[in-house]
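Visitor: Okay, predicted coordinates and the sequence, questions at the end:
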Amino acid sequence: MKPISLYRPVPHERLPVFPPIKSSLAPVTVLRLLSSVLCLLFCVLCPPLRAAAPVDLGQGLSYFRVHSLAADSKQLDESLAANHTLVLDLRYPTAAKEDTQAFVAALARHTGPEPLLILVSPATPPAVSEAIWAAPGKCVMLGVKGSVPTPQVIVDQAAETDRQAYDALESGKPLDGLISGKIEKERYDEAALMKDFRSGNTGAEPPALPDPTDKPDEAKKTPPPLVDRVLQRAVNLHRALLAIKPRHQA
């Protein structure tokens, strides 16, 4: 007797044939999505830099350093409108001609009784210099020799050293150390400034630095401290003006 096989051949089943899937995303759309993702990651990992804020130097004096006339315009406008005594550092900002109109308008908002102390340098952009001259308020400019515009108070410091002191703050050196560091045999302080201003000598200069070509005693040789003399002079000027102000106005 022939054995019965339980196996039955299954007919070949054909898989359904589907039409090719066409991508609904064009190459341009893919690139846009990728750019959006990269921008989102950059914003999360690298938050935007905040505009610099004024630094309190005590006794009603603030210091504001302008890095970019366009980027710092809002903070600058608020600082000038506050009408407190302000040291405005315009030695090394970036500025375009189209930014000066708003800058002049901001300078006009400083109508306080005290002058605006403006720091300039040989590298102050021409657009900023023109705006300073056009400012209607009381301004006292301070800077090293060769600064533009020509400052009323010329500080005896090399332009290279002025830039080094400026950059030192950017590198993290404390501001207090740059304006109050002890300098040997230097006594040109508030008392000396007050005497100069009372006699009408607003262009008085601090004592000259030691001649670098001199050969000091090697045993006593120490590197000179890096001091921002322009900013230091502005602070001393403010203190001197406070000292000669009548008590009922102080």
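Guide: Great, that's in hand.
Visitor: Quick one: residues contacting the nearest residue to residue 153 once chain neighbours are set aside.
Guide: Using C-beta to C-beta, 6 or more residues apart in numbering and skipping the chain neighbours, the partner closest in space to residue 153 is residue 142 (4.4 Å). Every C-beta, even on glycine, is put in place using the N, C-alpha and C of the backbone. Neighbour list for residue 142: 117-120, 151-155, 230, 233-234, 237 [criterion: C-beta atoms under 8 Å, 6 or more residues apart in numbering].
Visitor: Mind checking what secondary structure residue 142 has?
Guide: strand (DSSP: H, G, I helix; E, B strand; the rest coil).
Visitor: Check the spacing between it and residue 76 real quick.
Guide: With distances taken as C-beta to C-beta, to the nearest Å, residue 142 is found 18 Å from residue 76.
Visitor: Could you do residue 122 as well?
Guide: 22 Å.
Visitor: which one of the two has more residues nearby?
Guide: Applying other C-beta atoms under 10 Å to residue 122 and residue 76 shows that residue 76 carries more neighbours, namely 26 against 15.
Visitor: Apart from its neighbours in sequence, what residue is nearest that one?
Guide: residue 106 (5.6 Å).
Visitor: Quick check on the one you found: phi, psi?
Guide: phi -70, psi -40 (degrees, to the nearest 10).
Visitor: Next: residue 153.
Guide: phi -120, psi 110.
Visitor: Make 22 the starting number, not 1.
Guide: With 22 as the first residue, the last one maps to residue 174.
Visitor: That one against residue 165, yeah?
Guide: No: applying C-beta atoms under 8 Å as the test, residue 174 and residue 165 come out as separate, 10.4 Å apart.
Visitor: Those two: who's more crowded?
Guide: Higher neighbour count among residue 174 and residue 165: residue 165, with 23 against 20, using other C-beta under 10 Å.
Visitor: re the thing from before, what separation do you get for the residue nearest to residue 174 and residue 173?
Guide: Taken as C-beta to C-beta, the span from residue 163 to residue 173 is 7 Å.
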